[in-house]
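Novice: Return a 3D structure for these sequence lines:
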Amino acid sequence: MTIHQPSRRRFLAGLGAAGTTALLSGCVTGASSGKSSSEGAVTLQSNLSAPQAKAAMEDLVAAYGKRGSASASLNTVAAETFRTQLPTYLTSANPPDVYTWYPGSVADTYARKNLLLDLDDVWNTSPDLKRYSKALNALCTASSGKKVFVPTTYYWWGMFYRKSHFAKWGVSEPQSWDDFLDLCDKLKSKGVSPIGIGAGGNTPWVASAWFDYLDIRINGADYHRRLLAGEHRFDDPEVRRVFDRWQEVLPYFDPDGTAVAFQDATTSLLNGRSGMMLIGTFFADAAPKDALDDIDFFRFPVIDPKVPLAEEAPTDGYFASARTGRRDQVVDLLQYLASAEAQEIYIKGSSGTALPCHPDAKDAGTDLVKKGRAHIEAATEITQYFNRDSSDALQPTADTALTRFLAEPKSVGSILTNWQRDAEKIWQA
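Specialist: Numbers count the residues shown, from 1 in each chain. As a prediction, this is how the structure comes out:
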């Protein structure tokens, strides 16, 4: 292991200790230094390319500019291009100033390479951020002890479906794993692909949701975090149990699941060609507005009631380049983005399925959002997502292993052996 690895493991363990209720209420501290500012609009690099999310970001940047003190220039990049180019952006000679991305382990990975701006000043001088929860405070603090991230929204993952389709098919939400398998049987008997996935094209990462959920349901969130930090092995018997359970439901997956991207899979879900899909609420940003009231979800089924209930509820927001020449303007923009006003503008302009991080900001108030908030609050623990709980560098190892498993489920032994080998190269880098 590298000399950084132990501190990173302690960092992940600290995040795991933050409770669910704490994620949703408020507190904070810090101190900072930085470069002198230069003129011009702050450049904001965004991966929010779905139609409604992009429009919401445009609304947000316009509202910021109308305040008169400064302005921002928005550059929207296709999400998968953004993911692969982010290290290049951050290490370039003239990088964008501010980026949409993720806190936690992912941000810490870049912070340990001295690529992120120290945001202690932002947190120290913002009356809004001082009221954010202890859990968000911890999530945005790098292993160095410095703040490196400003969180603005969070959302949940679940098994999404259309209410009108379930009614037409005469099926209802399952209450257990066995109920879930029965539901899949009923849908298949009606000529419907029970489960869409969309792990093809440039979105193989969506398969990680199935790995994450099966692991936190079978082995628990603490084991899952430690596995992603390199403290367990991908070829351990506990991980093999995850794939044994996955094989029970694999016959119900859309046979085109590894041939189409998640955007196409969600279209199939909305059109009734598939019955349900494990996905995050962000998929709704590309859904027709008139379909939103018909979208519902249920909790990924509990497999072992003795395992504490965990849910995936990733947090989104912003970090900034350490190489920015507009430090003062960056601080001003980030403080605005942390405000209730800014978060409400974004939520109103998007599909409205995200929840604000600011304790005073209003969410969309829809039945779906109320159910989603209750879903998160009922969890004992919160995980982020595979790459967010590990690193962007580890995600391709999961993509390779999981898409191969979907295509060759009988090769699980060699798949896990190879996954462990590939993961070790990342952990030891």
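
Novice: average pLDDT for stretch 325-334?
Specialist: Across stretch 325-334, pLDDT averages out at 95.

Novice: what distance separates it from the middle of the whole chain?
Specialist: 25 Å (Cα atoms, centre = their mean, to the nearest Å).

Novice: Local confidence estimate at the nearest residue to residue 264 once chain neighbours are set aside?
Specialist: The shortest distance from residue 264 to any non-neighbouring residue, by Cβ to Cβ, 6 or more residues apart in numbering, is to residue 198 (6.3 Å). For the C-beta atoms, the positions are set from N, CA and C on the backbone; glycine is no exception. Per-residue confidence for residue 198 comes out at a pLDDT of 94.

Novice: ok, now residue 285?
Specialist: As predicted, residue 285 sits at a pLDDT of 89.

Novice: Low-confidence regions, the stretch 251-400 of the chain specifically.
Specialist: Counting by pLDDT under 70, the stretch 251-400 of the chain shows no low-confidence range.

Novice: Now with 90, please.
Specialist: With pLDDT under 90 as the threshold, the stretch 251-400 of the chain has low-confidence stretches at 256-257, 285-290.

Novice: give me every residue that touches the residue nearest to residue 264.
Specialist: 206, 257, 260, 261, 262, 263, 264, 265, 266, 277 (Cβ atoms under 8 Å, 6 or more residues apart in numbering).

Novice: Which members of the residues you listed occur in strands, if any?
Specialist: Judged by DSSP state E, the contacts of residue 198 include residue 277 as members of strands.

Novice: Going by distance to residue 69, which of the contacts of residue 198 wins?
Specialist: residue 263 (37.6 Å; Cβ to Cβ).

Novice: number of nearby residues for residue 68?
Specialist: 7 (other Cβ atoms under 10 Å).

Novice: Renumber starting at 17 from here on
Specialist: All right, first residue 17 from here; so that's residue 84.

Novice: helix, strand or coil for it?
Specialist: coil (DSSP: H, G, I helix; E, B strand; the rest coil).

Novice: can you give me the strands in the stretch 317-445 of the chain?
Specialist: Using DSSP state E, counting those that start in this stretch, the strands of the stretch 317-445 of the chain run over residues 326-328, 331-336, 371-372, 397-399.

Novice: could you dump the ones you listed to a markdown table with mean neighbour count?
Specialist: Converted to a markdown table, these look like this (neighbours: other Cβ atoms under 10 Å):
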| stretch | mean neighbour count |
| --- | --- |
| strand 326-328 | 24 |
| strand 331-336 | 25 |
| strand 371-372 | 21 |
| strand 397-399 | 23 |
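
Novice: of all these, which lies closest to residue 149?
Specialist: Closest among the strands of the stretch 317-445 of the chain, using Cβ to Cβ: strand 331-336, at 10.6 Å.

Novice: same for the closest one, what does it pack against?
Specialist: Packing partners of strand 331-336 (3 or more Cβ pairs under 8 Å, 6 or more residues apart in numbering; DSSP states H and E): strand 114-117, strand 166-170, helix 343-353.

Novice: what ranges do the helices span in the stretch 117-266 of the chain?
Specialist: 121-127, 136-141, 150-155, 179-185, 193-205, 223-234, 237-244, 253-265 (DSSP state H, counting those that start in this stretch).

Novice: Could you count how many residues lie near residue 393?
Specialist: Per other Cβ under 10 Å, the neighbour tally for residue 393 reads 13.

Novice: now residue 289
Specialist: 15.

Novice: for the stretch 117-266 of the chain, what are the low-confidence residue spans?
Specialist: The model of the stretch 117-266 of the chain has pLDDT under 90 over residues 151.

Novice: In space, what's closest to residue 432 - neighbours in sequence excluded?
Specialist: Computed as Cβ to Cβ, 6+ apart, the closest residue to residue 432 that is not its neighbour in sequence is residue 251, at 4.3 Å.

Novice: which residues does the one you found contact?
Specialist: 432, 433, 435, 436.

Novice: and those residues, which two are the farthest apart?
Specialist: 433 and 435 (7.3 Å).

Novice: if you count what's nearby, which of the two comes out ahead?
Specialist: Counted by other Cβ under 10 Å, residue 433 and residue 435 do not tie: residue 435 has more neighbours, with 21 against 14.

Novice: Let's verify residue 104: helix, strand, or coil?
Specialist: Following three-state DSSP, we place residue 104 in the helix state.

Novice: Tell me how far it lies from residue 61.
Specialist: Distance, residue 104 to residue 61, by Cβ to Cβ, to the nearest Å: 11 Å.

Novice: now residue 70
Specialist: Distance from residue 70 to residue 61, counting by Cβ to Cβ: 13 Å.

Novice: Please say which of these two ends up with more neighbours.
Specialist: More crowded of residue 70 and residue 61, by other Cβ under 10 Å: residue 61, with 23 against 17.

Novice: Leaving out chain neighbours, which residue sits closest to that one?
Specialist: residue 112 (3.9 Å).

Novice: Count the residues that sit near that neighbour.
Specialist: 20.

Novice: residues contacting it?
Specialist: Contacts of residue 112 by Cβ under 8 Å, 6+ apart are 59, 60, 61, 91, 105, 337.

Novice: Show the buried residues in those residues.
Specialist: With burial judged by 16 or more other Cβ atoms under 10 Å, the buried subset of the contacts of residue 112 is 59, 60, 61, 337.
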